[in-house]
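Chemist: sequence first, predicted model second:
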Amino acid sequence: MTVCLDREALKSTLIKMSTGLMMVMSVVTPHVRNAEPAHESRQRPIAIGPQHQVPVVGHQAEGEQIDGISLEGLVKHLEKGRVIARLVEEFHPAVAAIEDMVNASGLDGSRGSGHADRVPEMGSGSNMSDVPLSGSNTANALYHFSGVPDGAGPVGTPILIGTTLYGMTSRGGTATDGTIYSYNLATNSESVLHSFTGSPDGDTPYGSVVQMGSMLYGMTSQGGNQDFGTLFSYSFNGGAFTILHSFGTGGGADPEGDLLVDGQILYGMTSGGGVGTVYSFNTMTNTFTNLHSFDVTDGANPDGDLTLVGDTLYGMTYNGGANGDGVIFSIVLPEPTTAALILAISGPMLLRRRRRMPLGGK
């Protein structure tokens, strides 16, 4: 609920909002009135409403009281209760600063009829979303897809590289099977990087593209050699599109979620091909590995995205498990092979172990 305020009412409301101690005061004030020792006080639920009237703090002189409580006594009580008393002591400069801003802003209700500022009531049921933000809240449509040849039905989350957004559409394009696109924010121009044709490159892109070096990686949920989807790459250097893997019943089907990048390895899931799988793809050796096939007892039909912590992948299945309602699962990754430890850096081959974030820290 919002109300229109004149200058004095606006100033009073801003003072209430600015202190940042409304909740603290609503809890502490009853304790001060009852003169309870600090060590015997009990924390009470914080609620802002008629039952907790927050004192309005103006320019109190030394020795004056706030809601019947001396400022000195309140500060001492706050110190005993291990609440930062400095915040209370800074009431006065904070209020003065806001008063100066209000005075300088000219928000005095004399701008003309119908132009009063809107501020939410600070009682029960107030909603801070009623406060207007500075600037425009209007979404600007940067580009309008048209189906052919640029694509339709954008899917996933676009990624920003430099001043360019990269993403996919689930349909449209020259063959109406989806596209990979870029949008240059500097020139406001859209470009189709690849139009899918169903077979063998894939149909109906799914999830989001991810970046690894000069490459984009992504998936389609259909198409490919067996019509169960594909894993692909797209190179910034020359625009080469490559099919890395065509999904099928032997290694999962119907890719699910977004790809997870860890060093030179991609991790992902499929929701089909049995009841789903977790897989990896080594971009250095172009090796696809089925890490786990679900069998209903340990879950079925993976959903969402994977999370990697240390050497362990975590994820979820939508179905399966003891109750048939899905599971949270973990998969401990095997140690990298010798091939995965070798990293070529423009000439000499250097041994380097892939680093993963340790559990619970750096």
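Modeler: Alright, I've got the coordinates. Numbering: from 1, shown residues only.
Chemist: quick one: strands adjacent to the strand or helix carrying Y318?
Modeler: Using DSSP states H and E, the element containing Y318 is strand 312-319. The pairing partners recorded for strand 312-319 under DSSP bridges are strand 300-309 (antiparallel), strand 327-332 (antiparallel).
Chemist: export the ones you listed to JSON lines and append columns for mean neighbour count, distance to G147 and mean pLDDT.
Modeler: All C-beta spots, glycine's among them, are computed from the backbone N, C-alpha and C. What follows is the strands paired with strand 312-319, written out as JSON lines (neighbours: other Cβ atoms under 10 Å; distance: least, Cβ to Cβ, whole Å; pLDDT from 0 to 100):
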{"stretch": "strand 300-309", "mean neighbour count": "19", "distance to G147": "29", "mean pLDDT": "97"}
{"stretch": "strand 327-332", "mean neighbour count": "14", "distance to G147": "39", "mean pLDDT": "98"}
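Chemist: in CSV: these, plus distance to S221.
Modeler: Formatted as CSV, the strands paired with strand 312-319 follow (distance: least, Cβ to Cβ, whole Å):
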stretch, distance to S221
strand 300-309, 13
strand 327-332, 22
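Chemist: among the ones you listed, which comes closest to Y206?
Modeler: strand 300-309 (12.1 Å; Cβ to Cβ).
Chemist: alpha carbons only: can I get the closest one in PDB?
Modeler: The C-alpha trace of strand 300-309 is given here as PDB (Å, rounded to 0.1, in the frame of the first residue of the first chain):
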ATOM      1  CA  ALA A 300      15.600 -41.900 -12.600                       C
ATOM      2  CA  ASN A 301      15.500 -39.100 -15.100                       C
ATOM      3  CA  PRO A 302      18.100 -36.600 -14.000                       C
ATOM      4  CA  ASP A 303      16.900 -33.000 -13.900                       C
ATOM      5  CA  GLY A 304      18.500 -29.600 -13.400                       C
ATOM      6  CA  ASP A 305      22.300 -29.100 -13.400                       C
ATOM      7  CA  LEU A 306      25.300 -30.700 -11.900                       C
ATOM      8  CA  THR A 307      27.500 -29.100  -9.100                       C
ATOM      9  CA  LEU A 308      31.200 -30.100  -8.600                       C
ATOM     10  CA  VAL A 309      32.800 -29.800  -5.200                       C
END
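Chemist: contacting residues around it?
Modeler: Contacts to strand 300-309, defined as Cβ atoms under 8 Å, 6 or more residues apart in numbering, come from residues 256-258, 260, 262, 267-272, 275-278, 294, 313-321, 326, 356-357, 359.
Chemist: now those: which count as buried?
Modeler: Applying 16 or more other Cβ atoms under 10 Å to these, the neighbour count classes 256-258, 260, 262, 267-272, 275-278, 294, 313, 315-321, 326, 356 as buried.
Chemist: looking at the residues you listed, which are in helices?
Modeler: Nothing among these maps onto helices, per DSSP state H.
Chemist: mind jotting down where the strands sit in the stretch 201-350 of the chain?
Modeler: 203-212, 215-222, 230-235, 241-246, 253-262, 265-272, 277-282, 287-293, 300-309, 312-319, 327-332, 342-344, 349-351 (DSSP state E, counting those that start in this stretch).
Chemist: can you put those in TSV and add distance to N137?
Modeler: Rendered in TSV, the data for the strands of the stretch 201-350 of the chain read as follows (distance: least, Cβ to Cβ, whole Å):
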stretch	distance to N137
strand 203-212	26
strand 215-222	32
strand 230-235	35
strand 241-246	39
strand 253-262	29
strand 265-272	37
strand 277-282	42
strand 287-293	45
strand 300-309	30
strand 312-319	35
strand 327-332	38
strand 342-344	48
strand 349-351	52
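Chemist: in terms of mean pLDDT, which of the ones you listed ranks lowest?
Modeler: Ranked by mean pLDDT, these bottom out at strand 349-351, which scores a mean of 35.
Chemist: who's the nearest residue in space to A300 that is not next to it in sequence bridged to?
Modeler: Distances taken as Cβ to Cβ, 6 or more residues apart in numbering place G320 nearest to A300, at 3.1 Å, with adjacent residues excluded. Note on G320: beta-bridge partners by DSSP bridges are D325.
Chemist: OK, contacts around G320?
Modeler: Contacts of G320 by Cβ under 8 Å, 6+ apart are 275, 294, 296-301, 326-327.
Chemist: what's the farthest-apart pair in the residues you listed?
Modeler: Farthest pair in the contacts of G320, by Cβ to Cβ: T297 and N301, 13.5 Å.
Chemist: okay, domains of this protein per the record?
Modeler: 2-130, 144-246, 248-362 (automatic domain parsing).
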